[in-house]
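Asks: Here is my input, please return the structure:
(one chain, ligands or ions: 1)
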Amino acid sequence: MRTKETFPVVLILALTLAGPASAAAGPGPDIEALLAAMTLPEKVGQMTMLTLNAVSKGQLPFSPAEPHELDPERLQRAIVEHHVGALFNIGHHAFPREHWRQMIAEIQELARGTRLGIPVLYGIDAVHGMTYAQEATSFPQQIGLAATWDPELVERVARISAYETRAQGIPWVFAPTAEPGRSPVHSRFFETFGEDTFLAGELTAAFVRGLQGQDPAQPHRVGATLKHFLGYTIPVSGKDRTTVSVSRRALQELFLPPFVQGMAAGAQAVVLSLADIDGLPVHADPGLVQGLLKDELGFAGVAVSDWGSVENIYAHHRAAASRKEAIALATAAGVDLAMVPFDVEHAQELVTLVREGRVAEARIDDAVRRILAFKARLGLFATPIHPAEQYPAYASPAHRQVALEAAVASLTLLKNQGGVLPLAKSGRLLVAGPAADAMAPLNGGWSYTWQGAETDRYLPDGVTILDAIRAQVGGERARHLPWREDGAVDPEAVAAAADGVDAIILCLGEPAYAENFGNIDDLTLPAAQLELARMLAALGKPTVLVLAQGRPRIITAIEPAMAAVLQAYLPGNEGGRAVAEVLFGDAEPAGRLPFTYPRGPNGLATYDHRISEDYAFDCLYPFGAGLAHTTFAYRHLEVSPRQLGPDGTLTVAVEVLNTGRRPGFEVVQVYASDLVASVAPAVKRLKAFRKIRLAPGESRRLTLTLSPRDLALVDRELHWRAEAGEFVIRVGDLSQGIVLTEGRVFPR
Ligand code: NOJ
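Replies: Sure, this is the predicted structure:
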């Protein structure tokens with residue numbers, strides 16, 4: 001074995017531009033020189049990421065009641081002896097910011113003293129604001145952000161999330177989830193931007209821009225990660241980490257585009273899917289990772305394994321005979337950085353594989369080059385942790401105001417019979433249901449801790465829906481019917497609580513969960529909640545249903561008895577206030593559904609199902625639905641030219657008028673339908689949208705443009721092709737036919 005010289009510090013600090021990947025990076029090393037100076041164990045250490053638990057005191061399961069402490073011996077062993085280059089998360093605690101900063105500083109200090117002084121890459125699941133931090137601002141989960149249909153707002157949210165994450169000393173987040181959520185049963189549906197590929201792509205790009213800005217090395221920015229590549233969100237059973245069966249056409253047409261948009265926006269990390277596709281674990285699929293992601297799409301960043309997923313090729317999928325073989329398969333498939341997450345033996349096995357000639361050192365060099373370039377791009381060589389004074393706005397009222405704005409913008413009014421909303425503040429109200437007086441159902445998983453189950457303990461002063469309603473109308477006007485822990489509903493207690501009230505606000509939904517803890521056998525809302533709804537509705541008072549949920553639980557049996565339905569998603573810590581503002585008309589409901597709300601647990605087709613399936617399609621509320629406290633009319637649609645050439649531009653102009661007596665937000669949605677194609681086409685697909693606010697009586701003419709690329713589908717040969725022929729463009733209740741005169745193939 002070649003022995004290495006101690007790496008000259010001056011070389012590490014040299015300011016260089018080491019190729020396109022680091023062109024926008026802050027001061028960094030000459031990566032090729034650094035690579036040349038590394039031993040094999042040092043290189044493999046860079047490819048190894050451990051959970052913070054692995055370098056902390058104590059044994060699993062860690063208790064949130066125990067104070068957290070780094071374990072200096074474990075840390076030394078990982079960083080110094082085994083050259084571990086990346087750490088992430090912590091499963092069971094939310095820390096004060098000082099604790100985070102102290103730990104990160106200690107870790108970076110230790111790394112600085114190693115032979116090559118390479119900084120540690122710290123990553124975290126800050127998916128709706130900084131998770132695992134006690135004071136940080138909490139935003140709506142991605143499914144709620146999707147309901148805002150507002151890329152500018154999503155970008156602002158991500159910018160604050162980046163600011164508050166970097167304020168802890170953490171430069172990298174595992175967000176956003178780029179992949180659309182095509183199965184509402186999947187427990188991770190709430191982590192997606194909903195079912196539509198185009199909406200998910202636009203918001204993924206906005207989120208990446210918000211996190212990274214022009215330069216993720218800046219003190220208020222972090223590196224983004226697109227996840228989970230590819231086809232993860234549509235398990236056949238609906239249960240997390242179970243097998244996926246999806247066609248190459250669907251992968252390309254429906255699942256891939258948001259990743260392409262996220263990469264174009266500058267994302268330099270991708271987390272791979274934990275699932276297998278038709279039996280081949282994605283982590284062991286060179287066609288998807290090396291072939292599609294890196295070679296075809298030209299992704300120059302870091303392909304990151306998900307939690308334990310390399311070992312799981314063997315331990316979970318049984319698609320390798322041993323862990324060592326699994327490591328060989330994953331590395332050859334293109335995995336650069338392994339989220340191991342506990343032990344350093346993983347790295348030792350990879351070293352052995354290279355020495356045995358079973359993994360090419362060139363592959364190791366490729367992975368390490370990518371990882372070092374990423375560290376440089378995040379500015380870690382120059383400034384591993386920025387001073388605390390850089391973050392005066394951390395957890396500030398200004399940040400919380402944006403969280404409130406986002407929560408309000410997400411709230412989606414699905415039904416408002418007889419204009420029961422907005423409610424008068426002078427009436428007497430009953431507030432009931434499991435989501436009425438708790439913060440956990442407003443936040444869901446990845447809140448304070450992984451499962452989000454500790455949220456109420458971390459938020460003794462959190463403003464629940466009940467608190468916010470009482471703040472609006474006065475405590476004496478809003479009675480509370482507590483939800484019993486055992487879920488039992490007592491008819492007498494219900495009747496007594498509702499006696500003398502004018503209206504009922506019923507807050508139903510889901511408890512917090514993450515990943516496989518959210519697996520369900522039935523999408524229907526649990527029986528006890530339906531029973532409570534029936535009992536309350538039978539009292540004959542107007543009942544407003546507020547849904548705090550990460551996926552559309554089936555409510556068809558009770559929906560006709562509800563006077564109004566407000567879909568709140570998982571709106572975060574400001575959700576209680578947001579709901580109250582909308583209920584009483586202090587704010588306008590401005591969200592639109594980013595998914596199809598199913599009528600029954602077996603009716604899970606998306607809005608963009610094929611024309612051939614349309615006869616069987618039914619839903620409770622359609623994709624894109626949402627009411628305002630006012631009404632809108634669409635007029636004078638003009639789509640031109642009617643005959644579109646393959647290089648032309650299609651202009652869609654339409655006038656939108658607020659026909660009611662209140663101001664309101666409308667989301668103008670442009671859909672295209674291909675009437676005949678070489679493969680059975682979708683009924684319609686979203687191609688453009690714009691959110692506008694109109695005063696009463698105000699009208700606005702909007703012009704949106706499409707290109708033949710927007711009319712393309714993935715054809716029989718798996719090419720993106722706009723096929724010549726007839727299309728219909730739809731906006732609101734208006735539509736116009738056009739003809740594409742000549743077909744054309746497009747790159748991805
Ligand atoms: C597993 C999850 O699938 C992924 O989304 C997350 O980023 C990692 N764990 C790290 O917690």
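
Asks: going forward, measure contacts and count neighbours with C-alpha atoms only.
Replies: Will do.

Asks: Around the residue of the stretch 201-350 of the chain found nearest the ligand, how many other residues sit close by?
Replies: In the stretch 201-350 of the chain, the residue that lies nearest the ligand is residue 307 (4.8 Å; C-alpha to the nearest ligand atom). Applying other C-alpha atoms under 10 Å, we find 20 residues neighbouring residue 307.

Asks: Quick check on it: phi, psi?
Replies: phi -50, psi 110 (degrees, to the nearest 10).

Asks: Looks like it contacts residue 313 (just checking).
Replies: No - applying C-alpha atoms under 8 Å as the test, residue 307 and residue 313 come out as separate, 11.7 Å apart.

Asks: Give the buried residues for stretch 663-675.
Replies: 663-675 (16 or more other C-alpha atoms under 10 Å).

Asks: who's in contact with that stretch?
Replies: Contact partners of stretch 663-675, identified using C-alpha atoms under 8 Å, 6 or more residues apart in numbering, comprise 149, 588-590, 592, 624, 628-630, 632, 658, 681-696, 711, 725-732.

Asks: Repeat that for stretch 266-281.
Replies: 174, 208-209, 212, 223-232, 235, 241-246, 282-283, 299-307, 309, 313, 317, 319, 374.

Asks: and with 7 Å instead?
Replies: 208, 224-230, 232, 241-245, 282-283, 301-306, 309, 313, 374 (C-alpha atoms under 7 Å, 6 or more residues apart in numbering).

Asks: Please apply the same query to stretch 129-144.
Replies: 93-97, 125, 128, 161, 164-165, 190-194, 395, 399-400, 403, 406-407, 410, 446-449, 458, 569-573.

Asks: Can you say which of those are buried?
Replies: Buried among those (16+ other C-alpha under 10 Å): 93-95, 97, 125, 128, 161, 164-165, 190-194, 395, 399-400, 403, 406-407, 410, 446-449, 458, 569-573.

Asks: Could you pull out the strands in the stretch 501-650 of the chain for me?
Replies: All strands of the stretch 501-650 of the chain, identified by DSSP state E, counting those that start in this stretch, fall at 503-509, 543-548, 564-567, 632-640, 643-644, 650-658.

Asks: on that earlier part again, what about burial for the contacts of stretch 663-675, which qualify?
Replies: So, of the contacts of stretch 663-675, 149, 588-590, 592, 624, 628-630, 632, 658, 681-689, 694-696, 711, 725-732 end up buried under the neighbour-count rule (16+ other C-alpha under 10 Å).

Asks: Let me see the backbone angles for residue 124.
Replies: Dihedral angles for residue 124 - degrees, to the nearest 10 - are phi -150, psi 150.

Asks: Quick check: beta-bridge partners of it?
Replies: residue 173 (DSSP bridges).

Asks: Measure how buried residue 414 is and give me the count.
Replies: The number of residues near residue 414, taken as other C-alpha under 10 Å, comes to 22.

Asks: ok, now how distant is it from residue 313?
Replies: Distance of residue 414 to residue 313, given as C-alpha to C-alpha, to the nearest Å: 43 Å.

Asks: And residue 329, by the same measure?
Replies: From residue 329 to residue 313 the distance is 9 Å (C-alpha to C-alpha).

Asks: The two - which one has more neighbours?
Replies: residue 313 (28 against 22).

Asks: chain center to whichever strand or helix holds residue 346: distance?
Replies: Per DSSP states H and E, residue 346 falls inside helix 345-355. In terms of C-alpha atoms, centre = their mean, to the nearest Å, the gap separating the centre of helix 345-355 from the centre of its chain is 34 Å.

Asks: go on, stretch 154-162?
Replies: With C-alpha atoms, centre = their mean, you get 13 Å for stretch 154-162.

Asks: nearest spatial neighbour of residue 328, skipping sequence neighbours?
Replies: Counting by C-alpha to C-alpha, 6 or more residues apart in numbering, residue 359 is the residue found nearest to residue 328 once chain neighbours are left out, at 6.2 Å.

Asks: On the C-terminal side of the helix-or-strand element of the chain with minimal mean pLDDT, identify the next helix or strand.
Replies: Taking mean pLDDT, DSSP states H and E as the measure, the helix or strand of the chain with the lowest value is helix 9-13, at a mean of 37. Once the chain leaves helix 9-13, the next helix or strand it forms, by DSSP H and E, is helix 31-37.

Asks: Tell me how far that next one lies from the chain's centre.
Replies: Per C-alpha atoms, centre = their mean, the centroid offset for helix 31-37 relative to its chain is 36 Å.

Asks: cool, and stretch 518-531?
Replies: 23 Å.

Asks: Now that stretch - C-alpha only, CSV.
Replies: Extracted in CSV, the C-alpha atoms of stretch 518-531 (Å, rounded to 0.1, in the frame of the first residue of the first chain):
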residue,chain,number,x,y,z
GLY,A,518,-48.1,5.8,9.7
ASN,A,519,-49.0,2.6,7.9
ILE,A,520,-52.8,2.0,7.7
ASP,A,521,-55.1,-0.7,6.5
ASP,A,522,-57.9,1.6,5.7
LEU,A,523,-57.9,5.2,4.5
THR,A,524,-61.3,5.8,6.2
LEU,A,525,-61.2,8.1,9.2
PRO,A,526,-61.2,6.0,12.4
ALA,A,527,-64.6,4.8,13.5
ALA,A,528,-64.6,6.7,16.8
GLN,A,529,-64.2,10.0,15.0
LEU,A,530,-66.9,9.2,12.5
GLU,A,531,-69.2,8.3,15.4
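
Asks: Helices of the stretch 201-350 of the chain, residue ranges please.
Replies: 248-250, 257-264, 311-315, 323-333, 345-355 (DSSP state H, counting those that start in this stretch).

Asks: will you turn those into a markdown table that also has mean pLDDT?
Replies: Putting these into a markdown table (pLDDT from 0 to 100) gives the following:
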| stretch | mean pLDDT |
| --- | --- |
| helix 248-250 | 96 |
| helix 257-264 | 98 |
| helix 311-315 | 98 |
| helix 323-333 | 98 |
| helix 345-355 | 97 |
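
Asks: Include distance to the ligand when you put those helices into TSV, please.
Replies: What follows is the helices of the stretch 201-350 of the chain, written out as TSV (distance: least, C-alpha to the nearest ligand atom, whole Å):
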stretch	distance to the ligand
helix 248-250	22
helix 257-264	15
helix 311-315	12
helix 323-333	17
helix 345-355	18
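
Asks: Out of these, flag the one nearest residue 705.
Replies: Closest to residue 705 of these, according to C-alpha to C-alpha: helix 257-264, at 18.2 Å.

Asks: Now tell me what touches that closest one from outside.
Replies: Contacts of helix 257-264 (C-alpha under 7 Å, 6+ apart): 178-179, 197, 200-201, 204-205, 208, 226.

Asks: Around the ligand, pick out the residues from this protein.
Replies: 125, 174, 306-307 (C-alpha under 6 Å from any ligand atom).

Asks: Residue of the stretch 451-600 of the chain closest to the ligand, please.
Replies: Closest point on the stretch 451-600 of the chain to the ligand, by C-alpha to the nearest ligand atom, is residue 515, at 7.1 Å.

Asks: Was I right to think that residue contacts residue 187?
Replies: Yes - proximity of residue 515 to residue 187 meets the contact threshold set by C-alpha atoms under 7 Å, at 5.8 Å.

Asks: Find residues that contact each of those two.
Replies: With C-alpha under 7 Å, 6+ apart as the test, residue 515 and residue 187 both reach residue 240.

Asks: Among those two, which residue is more densely surrounded?
Replies: Comparing residue 515 with residue 187 by neighbour count (other C-alpha under 10 Å), the higher total belongs to residue 187, at 22 against 18.

Asks: Not counting its neighbours along the chain, what's nearest that one?
Replies: The shortest distance from residue 187 to any non-neighbouring residue, by C-alpha to C-alpha, 6+ apart, is to residue 518 (4.8 Å).

Asks: what's the burial count for that neighbour?
Replies: Neighbours of residue 518 using other C-alpha under 10 Å come to 19.

Asks: ok, it to residue 264 distance?
Replies: 32 Å.

Asks: cool, and residue 728?
Replies: Residue 728 is 29 Å from residue 264, by C-alpha to C-alpha.

Asks: I'm done for today, thanks for sticking with me.
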